[in-house]
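S.K.: build me a structure from this.
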Amino acid sequence: MTYLNWSKIRHSSGTAGSFLKSTSELSGTKIYYKLSNYDNARGVVGHESVNELIVDRLLTILGIEHLHYQLIHADILVDGKNLDTYICASENFRERGEDKQAIDVCYESERLECESALDFCVRMGWGEYIWQMLVVDFLILNRDRHGANIEVLRNKKMKSLRLAPLFDHGVSLLCKCETDAAVEKFDVMADLPIQCYVGSRSAQENLKLIPADQMPKLNPLKESDGSVMLEGLDGVISQSLQDKIWDMIWKRWCYYEDFCHSRRNG
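M.R.: Here you go, the predicted model:
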């Protein structure tokens, strides 16, 4: 796939990301590609593209609407260098006639006086979506839910307005761990600082923003689901990283179940 042109700039209403992106047209369908963290000197040093696939599988199990990703083993050309690596691909989630807008832009133009971003979303009827998002971002420790990673889709002709399916989960899980030593030291329950446009810098504290009587009704996660989420990743990421990712998701899921139980009985 050396024909792809990679750039940090994405022409959209959102902000430019820190990871290289590309697009192509296949049979009239626009395909978006993302590369894991790339360093000019060391090449591909991250595994964010793999994270997208793992989270895709997690959300499928939980029954949450989301953007689907395909992991592709490909030869690509970046800065004149041929790289053998993994990239992720997704299709355009907009329906015909829809325009997209980052939620921070929508909020600034349509909010009421003194209305917070969270209250704005609830008033717009997006509460259930936001509650699910906060749970997902806790389970995977998503560090990157800034205003452009929640998109509003508007069809002016049909007078419809909706939020795009959940997308962009690469900067999550153990995304900063480049070695097995770093993986071993990583605390899967650490409440590391995150970006969350509608909440705080704490994914754990953001769970408390969900009203007790509106906790999302999700399909339960089972211990056997680890093999489903990690299927086919031998040789793509190390076994120690696979094991730690599942340990992280499972322990955070157990914490979330306990949290829900305490809310119901509190």
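
S.K.: in the chain, where's the longest helix?
M.R.: Counting residues, the longest helix in the chain under DSSP state H turns out to be helix 239-264.

S.K.: pull out the buried residues from that one.
M.R.: 241-242, 244-246, 248-250, 252-253, 256, 259-260 (16 or more other Cβ atoms under 10 Å). For every residue, glycine as well, the C-beta is placed using N, CA and C.

S.K.: which residue ranges of the stretch 151-266 of the chain form helices?
M.R.: Along the stretch 151-266 of the chain, the stretches classed as helices by DSSP state H, counting those that start in this stretch are 180-185, 203-206, 225-229, 239-264.

S.K.: and the shortest one, what does it pack against?
M.R.: Taking 3 or more Cβ pairs under 8 Å, 6 or more residues apart in numbering; DSSP states H and E as contact, the helices and strands that helix 203-206 lies on are helix 127-139.

S.K.: was I right to think Trp6 contacts Ser24?
M.R.: No: counting by Cβ atoms under 8 Å, Trp6 sits too far from Ser24 to count as a contact (11.6 Å).

S.K.: so which residue is dead centre in the protein?
M.R.: With distances taken as Cα atoms, centre = their mean, His169 lies nearest the centre of the chain, 1.9 Å away.

S.K.: list the contacts of the closest residue to that residue other than its chain neighbours.
M.R.: Leaving aside its sequence neighbours, His169 sits nearest to Val55 (Cβ to Cβ, 6 or more residues apart in numbering; 4.0 Å). When contacts are counted by Cβ atoms under 8 Å, 6 or more residues apart in numbering, Val55 is found next to 66, 136, 140, 169, 172-173.

S.K.: measure Glu128 to Thr23 for me?
M.R.: 31 Å (Cβ to Cβ, to the nearest Å).
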